[in-house]
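Participant: Just the structure for this:
(2 chains)
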Amino acid sequence: MSIGKNRNVTDIFGKLFKNQIFIPLAAMFILLLFNLVADPSFFKITMGYNSAGNPVLSGYLMTILDNGSELAILAIGMTLVTAASGGQDISVGAAIAIAGSTLLRALCGTNTRPDTLRMPIFVAFIISCLVAMAFGAFNGALVSIFKIQPMVATLILYTAGRSIAAWINNNELPIISEPKFGYYGGFIPGIPIPTPFFIAAAMVVIITLVLKFTNLGLYTQAVGINESSSRLNGLNPVFIKWLTFVILGACVAVAALIKVSRLSSINYSVIAKDIEMDAILAVALGGNALGGGKFNMASSIIGAFVIQMLTTTLFKFQVPSDALPAYKAVVVILLVVFSAPVVRDKMSQIIKKMNSRKGAV
Amino acid sequence: MSNISRKFKDMTDTGLLLTITIVVFFLMYIGAIVFQGKGFLKPQTFFNILNANAALIILACGMSIVMITGGIDISVGGVTALVSMSCAVYLDYKGGNVAASMLIAIGIGLAYGLVQGFLVAYLDIQPFIVSLAGMFFARGMTTIVNTNPFNVQNESFVALKDTRIIVPGMGSVNKLGKYVNAYVEIGVIVALIIVILMFCLLRWTKLGRSFYAVGGNKQSALMLGINVKRTKFMSHMLCSLLAGIGGYVYFLHVGSGAATHAQGAEMNAIASSIIGGTMLTGGVGNIIGTFFGVLSLSTIQNIVSSAGLDQAWWTGITIAAMLCIFLVIQSVVMARKKRAVKK
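Facilitator: Numbers count the residues shown, from 1 in each chain, chains lettered A, B, ... in the order given. From the prediction side, this is the model:
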């Protein structure tokens, strides 16, 4: 009797353990537990007023929702790219600089301190979106047509991106004084929840609908798992790979809008620095195989927020921002070691052995 | 003519890519002499390129080995910064001697190689992710060791840093009409020795050949009885060890420790390897090519800065354009090879 019950419990755990979404959720749970034990003030959310006199919610959890949004948006595109091409785009940070710079250029023209915007923000966003998608298409062409490894193909834009961004605005730093522009990265008057979260939620809804009602998900996975057999089945792997990079370009433009709106300005060398690493980590933490193939979008998005939670937790414990990478690296290594197939197989073997020993007794 | 074209066809991939690299380098240097004036004619200009890039040559050698084996290591820039900072702190605050600081550099390199090699080879984790975390860790550790950049004052170290080896028979007349001998720093000698050693290793040793075998086709390497895991492990070990040595050479060149040192060095190392004809897919590459890759890269940087386009962004754009061209060349070569196999 007791043995049967035991087996049942391990079965449930085994199933949970095998489910992909378990990995980011477990990581989140560990982080939350750690914060609860170390300092419960992590969970405090207070209602306050910002400098414009609008009611805003503040607290560490709100910071995570706020700053994790761009990461979640990027994780959407990065997951698709990873699944289809079996590599990652390391140029997203530089591409954000380009898209942000284009956005400002469209809004300000050559005047760096404009009183009025030259065009509606939406139109400027469409322009920057097109530019970002064009750069995505460039990366995609290198990967899909010329068959260059994604990491290295995007290395080109990674090296040149910030330079191109500076060149678009003649190396000047426009500042926008229009308060409406700040809504996208801050708060809309009267709504106490940060706007980026809504934007991220909208993106998640869009991608969910796209995955549900089109074959995008199926096709990307098919191409990622076996390119030549998907071609034999009538798919066009070149186009699908290229498409995922273009979609990532659109995600980059949205993230750039939020990033630029936060400051109402831009700093070419600092904006979205190291965000490519965080975005890749979000995908990895989501339990997606970095070598391509199957993916789980929800898992990646949760992964993005977990990465942000880790960053915020480290900041809360007064880790200086320069030393932050060292701690993050340790966490990442632990995560990948535990999710490595070799280690997981060993672990499940050990669990099995322990079970059989119990059964014998 | 047909003879030449047949020779071209018979060339191995390594040979073809190597030829392209060397030709491009010489064309570029001649172009620089023609368009930029006499600055590039002085031997010292060339030796200055070597002096400034000795560390990059060593890093790129390690990178090529990993890339030939089919992996990648983007932690080398971080390791360089960590080595510089650790050695600087040790030499100045602890009053240590120079020989011990070299041991520290090699120790850091070996430790990195051990961990990364183990994770990549035996736990089968993607090298990109492992070395990404390695880079994060090294950069973070550098600021933990010491936050502020500072110059090393240790006397025996400064003496070593300022040692200049005169190149016999080379020199130029300076503005005052005095004949000045051309010189290189110690780092250049170290770099050249390493280039020769690694060239021999890759060409004539069992380990070197198994790097190519594993990078070319893992399955057939396994069937040939090569220990694939151990080979992968050794490639990462060697790369990190060279990163440690390269870090010390970098330290010897700049003489200071700072968290921002060698920013982007990993990208430059990868770019030089690619320009030098190392294929990312593994199995193809040559250390001599890598050496010329570094030279081409730094010559371009020199041309850009001496053309008055001093903004840092022009350098970025030109390097990226060059990288793009060479990657496309590689992909064309791959396509050619595939077609040849089909025939």
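
Participant: so who does the one residue in the stretch 151-300 of chain B that gets nearest to chain A touch?
Facilitator: Nearest residue of the stretch 151-300 of chain B to chain A: B:L280, at 4.8 Å (Cβ to the nearest Cβ). From N, CA and C alone the C-beta is placed, and that goes for glycine too. The contact partners of B:L280, by Cβ atoms under 8 Å, 6 or more residues apart in numbering or on different chains, come to A:I148, A:Q149, A:V152, B:M67, B:I72, B:I274, B:Q330.

Participant: Could you look up the SS state of the residue nearest to the spatial centre of chain A?
Facilitator: Against the mean C-alpha coordinate of chain A, by Cα atoms, centre = their mean, the closest residue is A:A75 at 2.8 Å. Secondary structure for A:A75, judged by DSSP: H, G, I helix; E, B strand; the rest coil, is helix.

Participant: A:L235 too?
Facilitator: The three-state label given to A:L235 by three-state DSSP is coil.

Participant: Identify the residues contacting B:M135.
Facilitator: Applying Cβ under 8 Å, 6+ apart, we find B:M135 in contact with A:P325, A:A329, B:I74, B:S75, B:G77, B:G78, B:E266.

Participant: Okay, buried residues for the host helix or strand of it please.
Facilitator: Following DSSP states H and E, one finds B:M135 within helix B:127-145. By neighbour count on 16 or more other Cβ atoms under 10 Å in any protein chain shown, the buried set for helix B:127-145 is B:127-145.

Participant: What's the first helix or strand after that helix?
Facilitator: Using DSSP H and E, the helix or strand that directly follows helix B:127-145 along the chain is strand B:150-151.

Participant: Name the residues that touch the helix or strand that that following strand is followed by?
Facilitator: Following strand B:150-151 in sequence order, the next helix or strand is helix B:155-162 (DSSP H and E). Helix B:155-162 has contacts (Cβ under 8 Å, 6+ apart) with B:L91, B:N97, B:V98, B:S101, B:V152, B:I186, B:L252, B:H253, B:G255.

Participant: where's A:I191, which helix or strand?
Facilitator: According to DSSP H and E, A:I191 maps onto no helix or strand at all.

Participant: Tell me how many other residues surround it.
Facilitator: Counted with other Cβ atoms under 10 Å in any protein chain shown, residues neighbouring A:I191 total 14.

Participant: Now do the same for it: its pLDDT.
Facilitator: If you check A:I191, the pLDDT there is 81.

Participant: Run the chain-centre distance for stretch B:292-302.
Facilitator: 11 Å (Cα atoms, centre = their mean, to the nearest Å).

Participant: wait, does it contact chain A?
Facilitator: No. Counting by Cβ under 8 Å from any Cβ of the partner chain, no contacts exist between stretch B:292-302 and chain A, the nearest distance being 11.0 Å.

Participant: What lies in contact with that stretch?
Facilitator: The contact list for stretch B:292-302 (Cβ under 8 Å, 6+ apart) reads B:18, B:21-22, B:24-25, B:28-29, B:32, B:40, B:45, B:49, B:52-53, B:56-57, B:60, B:268, B:271-277, B:315, B:318-319, B:322.

Participant: now it: mean pLDDT?
Facilitator: On average, stretch B:292-302 scores 86.

Participant: Please identify the buried residues of it?
Facilitator: The neighbour-count check on stretch B:292-302 (16+ other Cβ under 10 Å) flags B:F292, B:G293, B:V294, B:L295, B:S296, B:L297, B:S298, B:T299, B:I300, B:Q301, B:N302 as buried.

Participant: Give me the subset of these lying in helices.
Facilitator: B:F292, B:G293, B:V294, B:L295, B:S296, B:L297, B:S298, B:T299, B:I300, B:Q301, B:N302 (DSSP state H).

Participant: Let me have these in CSV, extended by distance to A:G291.
Facilitator: Shown next, in CSV, are these (distance: Cβ to Cβ, whole Å):
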residue, distance to A:G291
B:F292, 32
B:G293, 28
B:V294, 30
B:L295, 35
B:S296, 32
B:L297, 30
B:S298, 34
B:T299, 37
B:I300, 34
B:Q301, 35
B:N302, 39
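
Participant: Now for the residue in the stretch 1-150 of chain B positioned nearest to chain A: which residues touch it?
Facilitator: Residue nearest to chain A within the stretch 1-150 of chain B (Cβ to the nearest Cβ): B:G140, separated by 2.4 Å. Listed by Cβ under 8 Å, 6+ apart, the contact partners of B:G140 are A:D322, A:A323, A:L324, A:P325, A:A326, A:Y327, A:K328, A:A329.

Participant: do A:T311 as well
Facilitator: A:T311 neighbours (Cβ under 8 Å, 6+ apart): A:N67, A:D278, A:L324, A:K328.

Participant: State the distance from it to chain B.
Facilitator: Plainly put, A:T311 is 12 Å away from chain B if you go by Cβ to the nearest Cβ, to the nearest Å.

Participant: Can you pull out the low-pLDDT segments for chain B?
Facilitator: B:1-14, B:38, B:94, B:169-171, B:173-177, B:308-313, B:337, B:341-343 (pLDDT under 70).

Participant: where does the residue in chain A that chain B sits nearest to land on pLDDT?
Facilitator: Going by Cβ to the nearest Cβ, chain B is nearest to A:A326 of chain A, at 2.4 Å. At A:A326, the model reports a pLDDT of 84.

Participant: Distance of it relative to B:T278?
Facilitator: The gap separating A:A326 from B:T278 is 30 Å, by Cβ to Cβ, to the nearest Å.

Participant: Which one's more surrounded, the two?
Facilitator: B:T278 (32 against 21).

Participant: Tell me how far the residue nearest to A:P55 when sequence neighbours are not counted lies from A:A202.
Facilitator: Computed as Cβ to Cβ, 6 or more residues apart in numbering or on different chains, the closest residue to A:P55 that is not its neighbour in sequence is A:P192, at 4.8 Å. Distance of A:P192 to A:A202, computed by Cβ to Cβ: 18 Å.

Participant: Neighbour count: those two, which is higher?
Facilitator: Just comparing A:P192 and A:A202: by other Cβ under 10 Å the higher neighbour count belongs to A:P192, 17 against 12.

Participant: contacting residues around that one?
Facilitator: For A:P192, the contacting residues are A:M47, A:N54, A:P55, A:V56, A:L57, by Cβ under 8 Å, 6+ apart.

Participant: Show me just the buried residues among these.
Facilitator: Buried subset of those (neighbour count, 16+ other Cβ under 10 Å): A:V56, A:L57.

Participant: rewinding a little: out of the buried residues of stretch B:292-302, the closest to B:G246 would be?
Facilitator: Distance to B:G246 across the buried residues of stretch B:292-302 (Cβ to Cβ) is lowest for B:V294, with 11.3 Å.

Participant: Work out for me the element the nearest residue to that closest one once chain neighbours are set aside sits within.
Facilitator: Closest residue to B:V294 apart from its sequence neighbours, by Cβ to Cβ, 6+ apart: B:S272 at 4.4 Å. Per DSSP H and E: B:S272 is located in helix B:265-275.

Participant: buried ones in that helix?
Facilitator: Residues B:A265, B:E266, B:M267, B:N268, B:A269, B:I270, B:A271, B:S272, B:S273, B:I274, B:I275 are the ones in helix B:265-275 that count as buried (16+ other Cβ under 10 Å).

Participant: still on that earlier bit, need the contacts of B:G140 in JSON lines with secondary structure, can you?
Facilitator: Listed next are the contacts of B:G140 as JSON lines, based on three-state DSSP:
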{"residue": "A:D322", "secondary structure": "coil"}
{"residue": "A:A323", "secondary structure": "coil"}
{"residue": "A:L324", "secondary structure": "helix"}
{"residue": "A:P325", "secondary structure": "helix"}
{"residue": "A:A326", "secondary structure": "helix"}
{"residue": "A:Y327", "secondary structure": "helix"}
{"residue": "A:K328", "secondary structure": "helix"}
{"residue": "A:A329", "secondary structure": "helix"}
